[in-house]
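> build me a structure from this.
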Amino acid sequence: MPRQSSLDTLRKHNLNIRQPVQGYRFSLDALLLADFARVPASAEVADLGTGCGIIPLLLARTHLDAHVVAFENNPDMATLAGENVRSNALDGRVEIVSDDILNIRSRYPVSTFDLVIANPPFRTAASGKVSPHRGRDAARHETTAGLPDFLATAKYLVKPGGRICFIYHPSRLTEFIRCAAEMKLALLRLRMVHGAARSGAKMFLAELAKARRDDLSVEAPLIVFGDSGDYTAEVAQIMGV
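From the prediction side, this is the model:
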């Protein structure tokens, strides 16, 4: 567990989240991804790279019959995520697995989950500014697993006709689409996330499925900040502010 941590509250979801003071801290990305995902009734959900457990906690709070298994390869963060599960009384509905996603096939049979969700590192090992805080750097830069590994693991875990939801950086959108097509994953929904209406996209949200063909739906862009500099109504509603 990180030596220093802070306790942050998401009042809308009645969640108290402990996370490192230095190192990886969850951001708006996690809230947007949890909101974007369409969770079936009584769903079995997998989260690949959970950090402090923010996404499974959000999904468990908003979908009362869902069960979430969350994987985290950093032992300290996995311990912290487990403590967050227990402190929010979500034992039994959220399970934290301390392991690399590359080892998942030895733990679970193929086609186990209705939904697989991921907010993977978007910088390659050789790109981007390296953070002085180890945990934060690992969350942003690919280490043991790259984008193809995350997509292949998601495909392995999800049931035919189930859903895979990612949030990722637009600089790698072409690679994302190519990798998905090579793995015969159908891209069903795509939504770009912009900091402001007149700025370029900062992230994109994508929904994929295996064993299904369908037309792609490109949704209206999600704008984070309005002209006044405040959160837009949609983002404020997602954040509960």
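> any stretches of the chain with poor pLDDT?
Residue ranges of the chain with pLDDT under 70: 1-3, 124-144.
> which residues in it form strands?
In the chain, the segments counted as strands under DSSP state E are 5-10, 15-20, 44-48, 67-72, 94-98, 113-118, 158-168, 185-194, 201-210, 217-218, 222-223.
> export those strands to a markdown table and append columns for distance to T232 and mean neighbour count.
Any C-beta I mention is one placed from the backbone N, CA and C, and that applies to glycine too. Output for those, formatted as a markdown table (distance: least, CB to CB, whole Å; neighbours: other CB atoms under 10 Å):
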| stretch | distance to T232 | mean neighbour count |
| --- | --- | --- |
| strand 5-10 | 19 | 14 |
| strand 15-20 | 22 | 20 |
| strand 44-48 | 26 | 26 |
| strand 67-72 | 28 | 24 |
| strand 94-98 | 30 | 21 |
| strand 113-118 | 23 | 25 |
| strand 158-168 | 17 | 22 |
| strand 185-194 | 10 | 19 |
| strand 201-210 | 14 | 20 |
| strand 217-218 | 19 | 10 |
| strand 222-223 | 5 | 20 |
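> output the ones you listed as JSON lines; include the columns distance to L28.
JSON lines is the format used below for the strands of the chain (distance: least, CB to CB, whole Å):
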{"stretch": "strand 5-10", "distance to L28": "12"}
{"stretch": "strand 15-20", "distance to L28": "14"}
{"stretch": "strand 44-48", "distance to L28": "17"}
{"stretch": "strand 67-72", "distance to L28": "19"}
{"stretch": "strand 94-98", "distance to L28": "21"}
{"stretch": "strand 113-118", "distance to L28": "16"}
{"stretch": "strand 158-168", "distance to L28": "10"}
{"stretch": "strand 185-194", "distance to L28": "9"}
{"stretch": "strand 201-210", "distance to L28": "9"}
{"stretch": "strand 217-218", "distance to L28": "21"}
{"stretch": "strand 222-223", "distance to L28": "10"}
